[in-house]
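> Pasting the sequence and the predicted model now:
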Amino acid sequence: MPAEIPANSVGLVATQTFTHRKPFLLQCGVSLPGFKLCYETYGTLNAARSNAVLICHALSGHHHAAGFNSMDDAKPGWWDTCIGPGKPIDTNHFFVVSLNNLGGCNGSTGPLSVNPASGAAYGPDFPTVVVRDWVNSQVLLAEHLGVETFAAVIGGSLGGMQAIQWAIDFPDRVHAAVVIAAAAKLSAQNIAFNEIARQAIASDANFLDGRYSDGVIPEKGLGLARMIGHVTYLSDDGMREKFGRELKSGNPQDLQKSADIEFQVESYLRHQGQAFSRHFDANTYILMTKALDYFDPASEYADNLVDALAPVQAKFLVVSFTTDWRFSVERSKEIVDALIAARKNVASAVITSEHGHDSFLLPLPRYVEVLRSFLGRIHADVNGGSQT
Amino acid sequence: MSLRADLAIIAELINDDARVLDLGCGEGELLAHLQAHKSVNGYGLDVDPEHIRVCLDKGVNVIEQDLDEGLANFPDSSFDMVVMTETLQSVREPDRLLREMLRIAEECIITFPNFGHWRCRLQLAFLGRMPVAKHIPHSWFDTPNIHLCTFRDFENLADSLGFPIIERRVVDHQHAQSTLGSLLPNLLGPVAFYRLGRANA
């Protein structure tokens, strides 16, 4: 619980809901009869409606990116380090929109929602959703909010993919795209990790092909999926630094008492897995990892990313982290090289960090500074004047 | 703010709407100028976090990339001009980089501090010490300038690589064109300025 709200916090925020009441055709050919998106906004939309920024979340993210929903909250939103007054995504300058994507499990329409056709939860029958579907639904949310053009669309990992898709599909509605620790498509290795995670979930006896009920959920399988994911989001060095080979009890003789060996790292991972599986939906996890796997904008252009990026008008910032092996520096360089070849405006930064893929969520000083500089410039651009 | 004189010379030589790659772009003065006045499609490479930050502030297309790791990611003839100001002396393989520059563009511009300048010669000859000057301010043990050379050295290199010199200029410490230096560049010219082209087929 925050004893008091910090001065550089967006403060108490209320989650809002946008309801789209018309049929919404997905890329897979299935039409949803309508949908609901949970979102939050921070800052104020200016009179010119030019200062809106869209935050796109990653695999397990949601709409609550900054501030506190109540004074009882133990922690602020997931990207509170970067969003707020005076922070890089400065709410004194920008009107920040953050949503829970379609197919999510934090209030937006997804596998947990009731399928009007059956009267029961969609569960595994929720249609396949791809990044482009998210972008299309975000466009409708933007229109609902009176935002025609985003000053910036920003995202890390799967969120970065949404920023890329935005810049390709709606070139005149994105002034800048900030793509952090992302890739233009997943590598086979990356898809493999997602498949292991999905198989971990599917192998849980409680999964029941996705038709589990409220009371009995595939907690172990989802926890295991998260453990696998979590290891790939850290780096070898980072884990050595954090856990080394420390035993939980600190006493090697205790090992004989239990076959359940207790290195610190094991205990940490189990805790992460358990905590995650209690608040996240397994069907959503499968859906989100599939969206990651399918993302490949170049596939529509004979695998030529340069051609795929041809419509782009946005200025890009591409950020990667040295020890991120799940979305490596090389994957970001592919995006940068393709943007240069396509003659687009792009800047890039490679941040030295020992924290692997998770770096994109951390307030690393140089990372924060890079975001601040780029977005400071974008703010000046959309205000049509010099930097303030 | 007026543009540094050597950069102004370079800016004159670059056509409107050209595609320009600036190796070791520093704080992005040249590219910011070219973007604003010549609507070029320009990118700068640098690795210094402070340089990159300043470039981002200016809205310059700065790419974090180490020149010593090569330029293989840039296709042949993908740029109109590759520029490298005061950076040649600090790269690991200047000869390889020169070849890369003229693979990527038909022309390149290079400036570097002339190690054959009389002040350098005097320091080495009479003080017996590695020269330290305004444009090469580091001591020998902590200098990034690992490949200092003179006008003559550079011309020998260009010749051995078969790259014709389109233009040579001499600039002084204030980066203004130096008349005196033009007479005896290797002795009197503090900063060398070269425009090179590709070998004639």
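Thanks, I have the structure now. Residues are numbered from 1 along each chain as shown, chains lettered A, B, ... in the order given.

> so what pLDDT did residue 86 get?
Looking at chain A here, since you left the chain open. If you check A:Gly86, the pLDDT there is 97.

> Actually, chain B is the one I wanted.
The predicted local confidence for B:Glu86 is 85.

> For A:Gln162, give its distance to A:Lys344.
Separation of A:Gln162 from A:Lys344 (C-beta to C-beta, to the nearest Å) stands at 18 Å. (Each C-beta comes from the backbone N, C-alpha and C, glycine too.)

> How many residues are close by the residue of chain A found nearest chain B?
Closest residue of chain A to chain B, C-beta to the nearest C-beta: A:Ser373 (3.7 Å). Neighbour count for A:Ser373, taken as other C-beta atoms under 10 Å in any protein chain shown: 23.

> phi, psi of it?
phi -70, psi -50 (degrees, to the nearest 10).

> Could you pull up the residues touching it?
A:Ser373 makes contact with B:53-54, B:56-57, according to C-beta atoms under 8 Å, 6 or more residues apart in numbering or on different chains.

> hmm, 6 Å instead?
B:53, B:56-57 (C-beta atoms under 6 Å, 6 or more residues apart in numbering or on different chains).

> Reformat those residues as a markdown table; add pLDDT.
Output for these, formatted as a markdown table (pLDDT from 0 to 100):
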| residue | pLDDT |
| --- | --- |
| B:Arg53 | 98 |
| B:Leu56 | 98 |
| B:Asp57 | 97 |
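
> which bits of the stretch 201-350 of chain A sit near chain B?
Within the stretch 201-350 of chain A, the positions adjacent to chain B are A:337, A:340, A:343, A:345-350 by C-beta under 6 Å from any C-beta of the partner chain.

> give me that answer again for 8 Å
A:315, A:317, A:333, A:336-337, A:340-341, A:343, A:345-350 (C-beta under 8 Å from any C-beta of the partner chain).

> Please flag which of those residues sit within strands.
A:315, A:317, A:346-350 (DSSP state E).

> that older thread, so which of A:Gln162 and A:Lys344 has more stuff around it?
A:Gln162 (29 against 22).

> list the contacts for that one?
Contacts of A:Gln162 (C-beta under 8 Å, 6+ apart): A:56, A:131, A:134-135, A:138, A:153, A:155.

> where does chain B dip in pLDDT?
When residues are selected by pLDDT under 70, those of chain B lie in B:1-2, B:173-183, B:200-201.

> And the residue lying farthest from the centre of it, how far from chain A?
Within chain B, the residue lying farthest from the chain centre (C-alpha atoms, centre = their mean) is B:Phe126, at 29.4 Å. Between B:Phe126 and chain A the distance is 44 Å, computed by C-beta to the nearest C-beta, to the nearest Å.

> Spit out the contact partners of residue 60.
Because you didn't say which chain, this covers chain A. Here A:Ser60 is in contact with A:276, A:280, A:285, A:288 (criterion: C-beta under 8 Å, 6+ apart).

> Hmm, no, I was thinking of chain B.
Contacts of B:Val60 by C-beta under 8 Å, 6+ apart are A:347, B:25, B:28, B:31-32, B:35, B:42, B:44.

> can you pick the most crowded of those residues?
The residue in these with the most neighbours, by other C-beta under 10 Å, is B:Cys25 (29 neighbours).

> Quick check on that residue: phi, psi?
Main-chain dihedrals, B:Cys25, degrees, to the nearest 10: phi -80, psi -10.

> For it, which non-adjacent residue is spatially closest?
The shortest distance from B:Cys25 to any non-neighbouring residue, by C-beta to C-beta, 6 or more residues apart in numbering or on different chains, is to B:Gly44 (2.6 Å).

> Quickly note the distance from that neighbour to A:Tyr367.
Taking C-beta to C-beta, one finds B:Gly44 at 20 Å from A:Tyr367.

> helix or strand for the residue of chain B found nearest chain A, which one?
Residue nearest to chain A within chain B: B:Leu56 (3.7 Å; C-beta to the nearest C-beta). Here B:Leu56, judged by DSSP states H and E, is contained in helix B:49-58.

> Show me what that helix is packed up against.
The contact analysis (3 or more C-beta pairs under 8 Å, 6 or more residues apart in numbering or on different chains; DSSP states H and E) places helix B:49-58 against strand A:346-351, helix A:365-382, strand B:41-46, strand B:62-64.

> now the ones you listed as JSON lines including distance to B:Gly162?
Converted to JSON lines, those look like this (distance: least, C-beta to C-beta, whole Å):
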{"stretch": "strand A:346-351", "distance to B:Gly162": "33"}
{"stretch": "helix A:365-382", "distance to B:Gly162": "41"}
{"stretch": "strand B:41-46", "distance to B:Gly162": "25"}
{"stretch": "strand B:62-64", "distance to B:Gly162": "29"}
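
> Just list the residues touching the spatially most central residue of chain B, thanks.
Residue closest to the mean C-alpha point of chain B, counted by C-alpha atoms, centre = their mean, is B:Thr85 at 2.3 Å. The neighbourhood of B:Thr85, defined by C-beta under 8 Å, 6+ apart, consists of B:6-7, B:10, B:22, B:24, B:26, B:30, B:109-111.

> Can I take it that A:Leu292 is in a helix?
Yes - A:Leu292: assigned to a helix according to DSSP: H, G, I helix; E, B strand; the rest coil.

> Most neighbours among the contacts of A:Ser373, please name it.
The residue in the contacts of A:Ser373 with the most neighbours, by other C-beta under 10 Å, is B:Leu56 (25 neighbours).

> what's the pLDDT at the residue nearest to that one when sequence neighbours are not counted?
Once flanking residues are discounted, B:Leu56 sits nearest to A:Ser373: 3.7 Å by C-beta to C-beta, 6+ apart. In this model, A:Ser373 is scored at 98, pLDDT.
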